[in-house]
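*Asks:* Sequence and predicted structure, then a few things I'm wondering about:
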Amino acid sequence: MPVLVITGTGTEVGKTVTTAAVAAAALAAGRSVAVLKAAQTGVGPDEPGDAQEVARLAGEVAATELARYPEPLAPATAARRAGRAPVHPQEVAEAAAKLATEHDLVLVEGAGGLLVRFDAAGGTLADAAQLLGAPVLVVASAGLGTLNSTELTVRELRSRGVDPLGIVIGSWPEAPDLASCCNLADLPDVAGTPLLGALPAGVGALAPADFRATARHWLAPRLDGTWDAEAFRMRHAP
């Protein structure tokens with residue numbers, strides 16, 4: 001798995017922190033890691049973006065972004081409004097493939113959900129994953145509404161012949177409600193793909209050293225971690 005694409009079921013589901021956790025666990029396992037942010041929006045020219053945040057939390061990660069647009073909008077819209085060239089899926093795939101010749105693992109982080117548009121032609125992260133032949137990790141929210149958005153995301157991947165590697169809950173609440181607890185069993189059932197981790201809410205605020213030391217405990221062995229989905233589900237059984 002030299003390239004892993006990471007998408008969210010929407011915005012603000014914990015995609016960047018999950019990417020950082022996957023990077024930290026891979027580094028702890030002795031692998032070299034690069035993170036590629038296809039299109040960064042809503043960040044000024046001198047501000048750190050998502051790729052830089054992954055590097056800050058995870059450690060020795062090669063951080064790259066292909067384009068940056070100032071307004072917090074979908075990449076295609078942000079590019080158009082800024083009068084700048086958009087990013088195309090082919091560029092994302094080519095950049096990731098090049099990084100894969102230099103690193104053991106390349107993490108390609110999208111912007112928002114799977115079908116957020118990069119360009120006027122409708123190119124998306126799903127297209128980049130198809131071109132790469134890379135699996136996709138889906139970052140989902142914990143609570144009410146996540147079953148629909150997660151199943152739709154996974155269905156779209158499968159319709160394109162793209163492998164959904166699994167699901168990670170990007171922010172597990174300290175006091176989970178009934179829907180969140182039930183979703184531990186329902187998410188892998190409706191999506192037909194395993195639950196590969198759950199990050200406690202707020203871990204992005206940890207000191208980097210603490211984040212790196214703990215990241216593997218939030219992720220399953222498939223992601224170089226020690227997290228046990230069944231034990232976690234039983235602990236939170238409603």
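*Replies:* Happy to help now that I have it.

*Asks:* Can you show me the helices along this protein?
*Replies:* Taking DSSP state H to define them, one finds helices in the chain at 15-28, 50-58, 75-82, 89-100, 125-132, 146-159, 178-191, 208-214, 229-235.

*Asks:* Give me the below-cutoff pLDDT ranges for this protein.
*Replies:* Applying pLDDT under 70 to the chain flags the ranges 1.

*Asks:* any idea how far the residue positioned nearest the centre of it lies from Val139?
*Replies:* Closest to where the C-alpha atoms of the chain average out (Cα atoms, centre = their mean) is Ile6, at 3.2 Å. Computed as Cβ to Cβ, to the nearest Å, the Ile6 to Val139 distance reads 6 Å. For every residue, glycine as well, the C-beta is placed using N, CA and C.

*Asks:* What residues does the residue nearest to the centre of the chain make contact with?
*Replies:* 15, 18-19, 22, 107-110, 136-137, 139 (Cβ atoms under 8 Å, 6 or more residues apart in numbering).

*Asks:* Now render those residues as JSON lines, adding neighbour count and distance to Arg81.
*Replies:* Listed next are those as JSON lines, based on neighbours: other Cβ atoms under 10 Å; distance: Cβ to Cβ, whole Å:
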{"residue": "Lys15", "neighbour count": "26", "distance to Arg81": "23"}
{"residue": "Thr18", "neighbour count": "33", "distance to Arg81": "29"}
{"residue": "Thr19", "neighbour count": "29", "distance to Arg81": "26"}
{"residue": "Val22", "neighbour count": "31", "distance to Arg81": "32"}
{"residue": "Leu107", "neighbour count": "27", "distance to Arg81": "28"}
{"residue": "Val108", "neighbour count": "28", "distance to Arg81": "24"}
{"residue": "Glu109", "neighbour count": "29", "distance to Arg81": "22"}
{"residue": "Gly110", "neighbour count": "28", "distance to Arg81": "20"}
{"residue": "Val136", "neighbour count": "28", "distance to Arg81": "28"}
{"residue": "Leu137", "neighbour count": "26", "distance to Arg81": "30"}
{"residue": "Val139", "neighbour count": "28", "distance to Arg81": "27"}
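
*Asks:* Identify the farthest-apart pair in those residues.
*Replies:* Val22 and Gly110 (13.8 Å; Cβ to Cβ).

*Asks:* Any idea how far apart the tips of stretch 132-148 sit?
*Replies:* 27 Å (Cα to Cα, to the nearest Å).

*Asks:* Run the chain-centre distance for that stretch.
*Replies:* 9 Å (Cα atoms, centre = their mean, to the nearest Å).

*Asks:* Return the set of buried residues in that stretch.
*Replies:* 132, 134-143, 146-147 (16 or more other Cβ atoms under 10 Å).

*Asks:* From the residues you listed, which land in strands?
*Replies:* 136-140 (DSSP state E).

*Asks:* Go through the contacts of Ile6 and name the one nearest Glu230.
*Replies:* Leu137 (19.5 Å).

*Asks:* which residues does that closest one contact?
*Replies:* If you count contacts by Cβ under 8 Å, 6+ apart, Leu137 has them with 4-7, 18, 22, 165-168, 196, 223.

*Asks:* Now flag whichever of those residues is closest to Val203.
*Replies:* Thr18 (9.7 Å).

*Asks:* right, and the closest one touches Ala198 too?
*Replies:* No - in this structure Thr18 lies outside contact range of Ala198 using Cβ atoms under 8 Å: 9.9 Å.
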